[in-house]
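Visitor: Okay, here's the prediction I keep looking at, along with the sequence it came from:
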Amino acid sequence: MGVLHVKDVSAAYRKNTVLKNVSFDVEEGSLTGIVGPNGAGKSTLIKTLLNLHPRLAGDVTFFNSDFKKEKTRVGYVPQRGSVDWDFPTDALDVVLMGLYGRIGWLKWPMKRHKDKAMEALKKVGMQDYAKRQISQLSGGQQQRVFLARALIQEADLYFMDEPLAGVDAATERAIMDILKQLREAGKTVLVVHHDLQTVADYFDHVLFLNKTVIAHGTTETTFTSDNIAKAYGGAVQFMKEGAANVHSAIH
């Protein structure tokens, strides 16, 4: 099934080209890591696909249709640093925001909606923090709450912008367990990721991006030293124990 089709997409900030002729297709039920150096356009790619940043050129289809028609099937977890955590609201209300597309912005959530939100918080281990102000949560706890907000949408396609950045090891494991469960349930997930050492363990597909697509495919065939060098412009040493793992930092 054509979950996501991207053809010759370009985008810019002011006069600086950030994305140029980006093309790729995403398979249903895949878990894809989007990797590349700083400034490669990874976050901009997600925002452009979701119409949160202007697209200069190119075509994008979701489920063989237009995003506006299919947006209820798409979930999004932004970078934690892009969120105003001082906004006076608690964890439960943040999760309920994921249902506003169904409830309506001017309607009060009902008990069934709150029960659904509590269920999502429980999935990410945050049910005991439902009434805690988000500003009082740790970085890892905030990330779990935003993941719960995405889960409550029950989307078919998820975009996550560095959900593992700055979280503790326990939160990282918990988030990855949930993402793999989504994949096993037939959902499709794209994740902006910064740690090359975990790519082979975490993702079944990888997309190398540096303003354009350097390589895209199954992790087994695409996550190679050559493609890493092309994307990052440096030399990488590998040690192979089944799947290739990054052994040293990019120079």
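Guide: Perfect, I can see it now. In this text, all values refer to a predicted model and were calculated from it rather than measured experimentally. Numbers count the residues shown, from 1 in each chain.
Visitor: Toward the C-terminus, what is the element adjacent to the longest helix along the chain?
Guide: For the chain, the longest helix by residue count, based on DSSP state H, is helix 169-184. Using DSSP states H and E, the helix or strand that follows helix 169-184 in sequence is strand 188-192.
Visitor: What is that next one packed up against?
Guide: If you count contacts as 3 or more Cβ pairs under 8 Å, 6 or more residues apart in numbering; DSSP states H and E, strand 188-192 packs onto strand 2-13, strand 16-27, strand 31-35, helix 42-49, strand 157-161, helix 169-184. (Glycine included, C-beta is placed from N, CA and C.)
Visitor: which parts of the last one are buried?
Guide: Looking back up the chat, that one is helix 169-184. By neighbour count with 16 or more other Cβ atoms under 10 Å, helix 169-184 contains the buried residues 171-172, 174-176, 178-179, 182-183.
Visitor: Please name the nearest non-neighbouring residue to the residue nearest the centre of the chain.
Guide: Residue closest to the average C-alpha location in the chain (Cα atoms, centre = their mean): M160, at 1.4 Å. Nearest residue to M160 in three dimensions, chain neighbours excluded: V77, at 4.3 Å (Cβ to Cβ, 6 or more residues apart in numbering).
Visitor: Give me the helix or strand of this protein that scores worst on average pLDDT.
Guide: strand 238-241 (a mean of 39; mean pLDDT, DSSP states H and E).
Visitor: Assign L99 to helix, strand or coil.
Guide: Following DSSP: H, G, I helix; E, B strand; the rest coil, L99 is assigned to helix.
Visitor: Now for it: which residues touch it?
Guide: By Cβ atoms under 8 Å, 6 or more residues apart in numbering, the contact list for L99 reads 109, 113, 116-117, 152-153.
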